[in-house]
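Peer 1: got a predicted structure here, sequence first:
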Amino acid sequence: MTTPALETEHAPEQPPAAYDAVVLASFGGPEGQDDVIPFLRNVTRGRGIPDERLEEVSHHYRHFGGVSPINALNRDLHAALSAELTARGIETPLLWGNRNWAPYIGDVLEQAHADGHRRVLAITTSAYSSYSSCRQYREDFGKALLERDLVGKLRIDKVRQYFDHPGFLAPFVEGVAVGLGQVRAKLAEAGREGRIHVLFCTHSIPDTDAAASGPRDREFEQGSAYVAQHLANARVIMERATGSDGGGDIDWSLVYQSRSGPPQVPWLAPDVNDALAELPGRGVAGVLLVPLGFVSDHMEVVWDLDTEALQTCADLGLAAVRTPTPGTHAAFITGLADLIAERVEGGPRPAETALGPWYDVCRPGCCANQRRAVPTVAGSDACDLSVNPAGPPADAAPSPGPGVPPAGAPDRG
Ligand SMILES: CC1=C(CCC(=O)O)c2cc3nc(cc4[nH]c(cc5[nH]c(cc1n2)c(C)c5CCC(=O)O)c(CCC(=O)O)c4C)C(CCC(=O)O)=C3C
Ligand SMILES: [Fe+2]
């Protein structure tokens with residue numbers, strides 16, 4: 001018997017394989033008023049989010065009857081993607097499970113194993129690289145395998161982060177092109193003149209998570225793969241959406257939203273509302289809000305942008321339009337099916353920025369935000385359960401790099 005290597009070098013690409021099932025993995029959300037608090041407890045367990053923040057966020061959900069839009073959106077996405085796979089002759093069943101609400105990913109994986117599946121491919125509703133948007137999914141898969149005694153019995157691989165896949169970008173290019181026309185029309189209707197500014201909006205994350213995003217052995221703009229991926233996307237989108245109509249002089253910036261955590265902990269800034277407040281003084285009369293960080297119109301979009309940020313625009317006298325998320329846009333569904341086909345049948349790995357195509361197998365320590373080694377899947381980490389089926393060795397903690405919080409920092413499993 002050979003001892004498994006601690007830092008097994010996998011290629012960033014994984015050869016195509018005969019998967020028994022594909023699992024669409026998402027965040028999950030409450031489905032009624034009674035679910036709101038249990039859901040928020042699931043999300044924030046052990047993560048040092050202040051009670052006042054939870055209280056505030058609970059009102060966003062209560063405002064919509066305690067129902068997050070996310071589960072219905074995922075059911076639609078699941079139906080559209082299943083139909084697309086079937087139409088292409090890919091017979092692999094598409095399952096759906098969430099990290100924070102039923103159907104829980106652990107239950108879905110356990111059932112998949114009971115149904116005879118041995119190797120599954122995960123695809124998440126998260127496009128970029130960071131702890132929250134990539135590694136936490138890998139850790140939750142690992143936890144599910146450990147808790148359900150499935151280590152070594154069920155293998156989970158993962159589709160690469162698809163921030164710069166053509167199918168994810170196309171709906172934004174279209175949205176910005178159409179949206180700029182809508183803002184211009186609003187200004188003309190009001191007989192107003194002034195510049196238009198495009199705000200690309202994404203989820204804020206702690207500065208330490210931003211610095212730890214992506215593989216440790218690569219340098220990124222602003223020291224963060226998460227930030228660099230958004231900036232690279234914004235440039236491609238602006239070029240494509242404005243290239244032909246002379247709008248190339250339109251200013252844009254990347255801004256952040258939905259910050260939580262204690263105020264003394266630094267998170268990516270500026271907040272979208274603070275950025276908006278600066279614009280009228282710079283001669284800006286119209287604003288396009290582009291939800292670049294999000295896959296569908298879930299709570300972060302319908303509350304933080306459509307409710308709060310659009311109100312800020314109204315207060316400031318800015319004409320504003322929010323562009324669509326990819327949702328079930330045909331190009332996005334085609335793109336997700338292509339990403340799955342890439343792993344089932346092989347084929348090209350398209351990417352629209354110089355940063356990608358991203359890794360099928362995450363590099364050691366990629367997006368890790370704790371000193372302790374947490375079991376994962378779909379990586380070349382020492383703690384990857386497919387590399388070390390016995391679980392992470394005691395000395396497998398990734399060496400502390402930039403962004404790794406000191407020992408004793410809140411556990412965010
Ligand atoms: C990068 C990122 C994405 C984008 C990528 C992706 O799409 O996956 C995202 C998506 C989402 N975040 C969501 C909801 C929440 N996120 C929270 C808290 C946090 N998010 C974080 C990051 C992200 N989150 C972080 C660093 C925290 C702090 C706590 C921690 O370190 O984990 C909290 C706690 C309360 C609060 O503080 O807001 C809630 C309720 C929902 C569901 C929405 C719905 O119900 O429709 C979705 C899709
Ligand atoms: Fe979140």
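Peer 2: That came through fine. Remember, predicted model here, so these are calculated numbers, not experimental data. Ligands and ions are numbered 1, 2, ... in the order given.
Peer 1: ok, Glu352 touching Asp164?
Peer 2: Yes: contact criterion Cβ atoms under 8 Å: Glu352 and Asp164 qualify, at 4.7 Å. The C-beta positions use only the backbone N, C-alpha and C, and glycine is treated the same way.
Peer 1: now do the shared contacts for those two.
Peer 2: Shared contacts of Glu352 and Asp164, defined by Cβ atoms under 8 Å, 6 or more residues apart in numbering, are found at 233, 236.
Peer 1: mind listing the helices for this protein?
Peer 2: 36-44, 51-63, 70-87, 105-114, 136-147, 166-189, 207-212, 225-242, 272-278, 299, 310-316, 330-344 (DSSP state H).
Peer 1: ramachandran coordinates for the residue in the stretch 201-350 of the chain that ligand 1 sits nearest to?
Peer 2: The stretch 201-350 of the chain approaches ligand 1 most closely through Ser260 (2.5 Å), counting by Cβ to the nearest ligand atom. Recorded main-chain torsions at Ser260 are phi -130, psi -160, according to degrees, to the nearest 10.
Peer 1: which bits of the stretch 51-200 of the chain sit near ligand 1?
Peer 2: 53, 57, 68-70, 125-126, 130, 132-133 (Cβ under 6 Å from any ligand atom).
Peer 1: distance to Val151 and pLDDT for those - can I get that in CSV?
Peer 2: Shown next, in CSV, are those (distance: Cβ to Cβ, whole Å; pLDDT from 0 to 100):
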residue, distance to Val151, pLDDT
Arg53, 35, 86
Val57, 34, 94
Ser68, 32, 98
Pro69, 35, 98
Ile70, 29, 98
Thr125, 25, 98
Ser126, 24, 98
Ser130, 26, 97
Ser132, 24, 96
Ser133, 25, 97
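Peer 1: now those residues in TSV, with neighbour count and distance to Ser26?
Peer 2: As requested, these are exported to TSV (neighbours: other Cβ atoms under 10 Å; distance: Cβ to Cβ, whole Å):
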residue	neighbour count	distance to Ser26
Arg53	16	22
Val57	20	18
Ser68	25	11
Pro69	16	12
Ile70	26	7
Thr125	22	4
Ser126	23	8
Ser130	28	16
Ser132	20	13
Ser133	25	11
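Peer 1: narrow these to those in strands?
Peer 2: The members of these all map outside strands under DSSP state E.
Peer 1: and the residue nearest to Leu95 when sequence neighbours are not counted, how many neighbours?
Peer 2: Leaving aside its sequence neighbours, Leu95 sits nearest to Val23 (Cβ to Cβ, 6 or more residues apart in numbering; 4.5 Å). Residues lying near Val23 (other Cβ atoms under 10 Å) number 24.
Peer 1: wait, Val23 touches Ile105, no?
Peer 2: Yes: if you go by Cβ under 8 Å, Val23 and Ile105 touch, sitting 7.4 Å apart.
Peer 1: what do the two both touch?
Peer 2: Gly97.
Peer 1: what residues are up against Met238?
Peer 2: Taking Cβ under 8 Å, 6+ apart, one finds 176, 198, 248, 250, 252 in contact with Met238.
Peer 1: and the least confident of these?
Peer 2: pLDDT across the contacts of Met238 is lowest for Gly248, at 57.
Peer 1: show me the shaky parts of the protein.
Peer 2: Applying pLDDT under 70 to the chain flags residues 1-10, 244-248, 371, 393-413.
Peer 1: find the residue at the geometric middle of it.
Peer 2: Ser126 (2.6 Å; Cα atoms, centre = their mean).
Peer 1: which residues are in contact with Leu109?
Peer 2: 23, 97, 120, 141, 144-145, 148, 150, 154, 156.
Peer 1: just checking, the residue nearest to the centre of the chain touches Arg135?
Peer 2: No: counting by Cβ under 8 Å, Ser126 does not reach Arg135; the two are 10.5 Å apart.
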